[in-house]
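A.B. asks: Next input, structure requested:
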Amino acid sequence: MKSGRCRRGLSLPGTLICAFLWSLTAPVFAQSAAPATIEEWAERERDRILSLGEERGWDEAHNHANMSLFRLALAADVRKDRQAWLITAETALHARFLSNVDADYRADIARVLLRLPEVARRFLFLFNDNDDATGAARTLLLIHASFPQRMADFPSLAAAMAVVHDREVEVRANENTKTATSPDLLFAYFVDQRNLMWVDLRSSSPHMLCYVVDATPELQELFWAAGRFGKRSQIGSLYHQIQYDREHYLEGKPKRVSREGFTLPNIERYGGVCVDQAYFASMVGKAIGIPSVMVSGASESGEGHCWLGYVRRQGSNYLWDMDDGRYPEAKLLAGVARDPQSGHWVNESEIGVLESLFSRRLGEAHHARSIMEGARLLFGSEGTPAPIELRSTRSRRRGADAADLAPVAWKRSAGPEEAEALLREALASARELSEIWDLAAAMAPKLDRSALSWWIDQSARVGGRRWPQFTFDVTTRMLSKLDDDESAMLAWDRVVSRYRSRPDLALRARVAAAKRAEQAGRHNAAYQAYEQAIKEYSGQGPDVLVALDGAKAFLDEKGRHDLTAEMIGESWRRTQRPTNSTMLFDQTVWARIGLMYAESLDRIGRTSDAQSVRRQIHSARPAN
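C.D. replies: Next up is the predicted model:
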């Protein structure tokens, strides 16, 4: 988890007060002639706000920057005024970031950002609410202190380092923990070894480089990996190259690699279990510039497993490959991986959809973020500020000193409806950008059914056939915001039909519908949804346990313990027994449902049948 978050977002409390303050201070920054275009206006606003930050403080500058972006969002054309959007949004992000940095670092990092504009741009458009401003500032200052020219030469790398290493980067592989080395030394490693890197550290998307710079092996391990595996274009085979420690897996003996020291050379020498295989392949990948993640998940029987995800090229595009080391029975179940920027564990589909962003021109991502920030202000604001005023066409013909001004007509108004329409424009520029989907989810309670359906349909286009879990997660977030329980339950029924080819997701949708019915006090409807989930999807993943608990509570309340036992027994018979001996046997779905079944049999006096079930479970348990 992150050690800290931004204290202030881009909401616009006190809009009218900000407008009043702006009207008081504007004359201080007046220029000899009014701007002739919105782009020129944006440039002057940038200069005014940056000067204000240095002279009066970045909290005040932050309010003024928000007001400028708010006014632009009301007036500017998304396509024709593209450069004005970029300038104004970057200024707002700049002031917002500095207002959240601790005072001890604020002046120094402000100077670095002004001195290195390309580093500033790539960093500010990457930085988001999940990042710690002071931690990111410390990392940038640390790198700049030792390598100012290299930082200027590799702006994407510097940006990625800042948002990933804004707090300690740590990876746990069961009993072993590895913590990344100092960010300045890691930055120098990547630059020094750039000729062995698969990815271009100068031109690649900072979003993609985040999945490279979260390397945790010590420097000597990284140099070892680069020397041994450098210039590779794929790392899937490295997962399978590591010998499996069966003594540990089957008998629970301490792993040899843990005794000798958890390093990349030792993992290659002594082997390990699945998490060690995934760690080795992933970290070797990072050492040679291949974006990678360790993915954790479960099979249909509930057995835990860890495998590899990494980026490969297909023509001019980048694609995530999330299947090396994955059990065949886990192919249709989603795994989770650590997002290096937020530090959170997220569904692999949330990372997978970023493959299109990796292939997209950086300017498109910046443009989408700019529009999204404008939409956020429209959504959270009320009132109408003073219009943007430009020199009129007649004034431009008469000379620069002419005083004729023409206000720019508003194209939009503040409020949820116009904000949602503007957010659609952001989606058109970079539909994979996570900040867009975060804002769409926040807007959900204010959207009508048509708009809500539109966003869910768009998420299906983003997720496609490769990442259906992304669509499911967006749907879940959207529907959780709905106040109308009836609409939400109907929507979940449609979700079930959409995921017929993914029974694990259809099961989750049934369970979600049941929970929503419980929330609405419709207990019979909830029971029916739980019962459907159990009958249709037992054996399709661990969520059936939730359905069993819900249905059991309903039947027990009615005193129908006989029906409870019958229901659990049928579910157990349809659930796959673990295919491999595993130390995590008691956590498998089959074992857990079996124990539920034995308890329910005891409750209705069928003691001998309960003992028989327990014997079956015991005989399947691996010997230690």
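
A.B. asks: Can you give me every residue that contacts residue 158?
C.D. replies: 119, 122, 123, 140, 143, 151, 187 (Cβ atoms under 8 Å, 6 or more residues apart in numbering). Glycine gets a C-beta too; all of them are placed from N, C-alpha and C.

A.B. asks: And the residues you listed, which of them are buried?
C.D. replies: Buried residues within those, defined by neighbour count using 16 or more other Cβ atoms under 10 Å: 119, 122, 123, 140, 143, 151, 187.

A.B. asks: what are the phi and psi angles of residue 170?
C.D. replies: phi -140, psi 140 (degrees, to the nearest 10).

A.B. asks: actually residue 293, not the one I typed
C.D. replies: According to degrees, to the nearest 10, the main-chain angles of residue 293 amount to phi -140, psi 160.

A.B. asks: pretty sure it is touching residue 345, no?
C.D. replies: No. Assessed by Cβ atoms under 8 Å, residue 293 is found out of contact with residue 345, at 10.5 Å.

A.B. asks: ok so, going back, next step: the buried ones among the contacts of residue 158 restricted to helices.
C.D. replies: The helices, defined by DSSP state H, take in 119, 122, 123, 140, 143, 151, 187 from the buried ones among the contacts of residue 158.

A.B. asks: Tell me who's in contact with the fifth one.
C.D. replies: This points to residue 143. With Cβ under 8 Å, 6+ apart as the criterion, the residues that contact residue 143 are 151, 158, 161, 162, 183, 184, 187.

A.B. asks: make it 10 Å
C.D. replies: 112, 119, 150-151, 154, 157-158, 161-162, 165, 182-188 (Cβ atoms under 10 Å, 6 or more residues apart in numbering).

A.B. asks: Who are the packing partners of the host helix or strand of residue 473?
C.D. replies: Applying DSSP states H and E as the criterion places residue 473 in helix 468-480. Using 3 or more Cβ pairs under 10 Å, 6 or more residues apart in numbering; DSSP states H and E, the elements in contact with helix 468-480 are strand 345-347, helix 348-352, helix 434-443, helix 449-463, helix 485-498, helix 503-519.

A.B. asks: Go through it and flag the buried ones.
C.D. replies: Here helix 468-480 shows 468, 469, 470, 471, 472, 473, 474, 475, 477, 478, 479 as buried, counting by 16+ other Cβ under 10 Å.

A.B. asks: Okay, the fourth one and residue 437: tell me how far apart.
C.D. replies: Meaning residue 471. For residue 471, the distance to residue 437 (Cβ to Cβ, to the nearest Å) stands at 11 Å.

A.B. asks: who touches both of those two?
C.D. replies: Contact criterion Cβ under 10 Å, 6+ apart; residues shared by residue 471 and residue 437: 353, 458, 459, 462.

A.B. asks: Please pick the buried ones from those.
C.D. replies: Buried subset of these (neighbour count, 16+ other Cβ under 10 Å): 353, 458, 459, 462.

A.B. asks: out of the residues you listed, who's nearest residue 603?
C.D. replies: Of all those, the one sitting nearest residue 603 is residue 459; the distance, using Cβ to Cβ, is 43.8 Å.

A.B. asks: would you turn the contacts of residue 158 into TSV with distance to residue 77 and pLDDT?
C.D. replies: Below are the contacts of residue 158 laid out as TSV (distance: Cβ to Cβ, whole Å; pLDDT from 0 to 100):
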residue	distance to residue 77	pLDDT
119	29	98
122	25	98
123	27	98
140	34	98
143	38	98
151	35	98
187	40	98
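
A.B. asks: In TSV: those residues, plus distance to residue 495.
C.D. replies: Listed next are the contacts of residue 158 as TSV, based on distance: Cβ to Cβ, whole Å:
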residue	distance to residue 495
119	43
122	38
123	38
140	43
143	46
151	47
187	44
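
A.B. asks: Can you pull out the low-pLDDT segments for this protein?
C.D. replies: The chain contains residues with pLDDT under 70 at 1-32, 298-303, 327-333, 393-403, 579-584, 623-624.

A.B. asks: tell me the secondary structure for residue 559?
C.D. replies: At residue 559 the chain is in coil, as set by DSSP: H, G, I helix; E, B strand; the rest coil.

A.B. asks: distance of it from residue 535?
C.D. replies: Between residue 559 and residue 535 the computed distance is 22 Å (Cβ to Cβ).

A.B. asks: And these two? Which one has more around it.
C.D. replies: residue 535 (14 against 9; other Cβ atoms under 10 Å).

A.B. asks: And the helix or strand in which the more buried one is found, what does it pack against?
C.D. replies: Using DSSP H and E, the element containing residue 535 is helix 523-537. On a contact count with 3+ Cβ pairs under 10 Å, 6+ apart, helix 523-537 meets helix 485-498, helix 503-519, helix 544-557, helix 561-573.

A.B. asks: Turn the ones you listed into a markdown table, columns for mean neighbour count and distance to residue 315.
C.D. replies: Formatted as a markdown table, these follow (neighbours: other Cβ atoms under 10 Å; distance: least, Cβ to Cβ, whole Å):
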| stretch | mean neighbour count | distance to residue 315 |
| --- | --- | --- |
| helix 485-498 | 17 | 30 |
| helix 503-519 | 23 | 30 |
| helix 544-557 | 20 | 41 |
| helix 561-573 | 20 | 46 |
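
A.B. asks: wait, which of those is closest to residue 207?
C.D. replies: When the helices and strands packed on helix 523-537 are ranked by proximity to residue 207, the top entry is helix 503-519, at 26.1 Å, counting by Cβ to Cβ.

A.B. asks: about what we covered before: quickly list what's touching both of residue 293 and residue 345.
C.D. replies: Jointly contacting residue 293 and residue 345 under the rule Cβ under 10 Å, 6+ apart are 335, 336, 337, 338, 339.

A.B. asks: just how off-centre is whichever strand or helix holds the third one within its chain?
C.D. replies: Using DSSP H and E, residue 337 sits within strand 336-338. Strand 336-338 has its C-alpha centroid displaced from the chain centroid by 10 Å (Cα atoms, centre = their mean, to the nearest Å).

A.B. asks: For the remainder of this discussion, apply numbering that starts at 311.
C.D. replies: Sure, I'll start counting at 311 from here, so that last one is strand 646-648.

A.B. asks: who's in contact with that strand?
C.D. replies: Outside of strand 646-648, the residues that reach it under the criterion Cβ under 10 Å, 6+ apart are 479-482, 521, 524, 588, 592, 602-607, 616-619, 630, 632, 654-662.

A.B. asks: which stretches of the stretch 361-510 of the chain form strands?
C.D. replies: In the stretch 361-510 of the chain, the strands defined using DSSP state E, counting those that start in this stretch lie at 480-483, 486-489.

A.B. asks: check contacts around the nearest residue to residue 553 once chain neighbours are set aside.
C.D. replies: Of all residues not flanking residue 553 in the chain, residue 581 sits nearest, at 3.4 Å (Cβ to Cβ, 6 or more residues apart in numbering). Neighbouring residues of residue 581 by Cβ under 10 Å, 6+ apart: 551-558, 565-567, 587, 590.

A.B. asks: do that again at 6 Å, thanks
C.D. replies: In this structure, residue 581 makes contact with 552, 553, 555, judged by Cβ atoms under 6 Å, 6 or more residues apart in numbering.

A.B. asks: Check residue 384 too.
C.D. replies: Each residue near residue 384 by Cβ under 6 Å, 6+ apart is listed here: 720, 722.

A.B. asks: now residue 582
C.D. replies: If you count contacts by Cβ under 6 Å, 6+ apart, residue 582 has them with 555, 565, 567.

A.B. asks: Out of the residues you listed, flag the one nearest to residue 397.
C.D. replies: For the contacts of residue 582, the minimum distance to residue 397 (Cβ to Cβ) is 52.6 Å, reached by residue 567.
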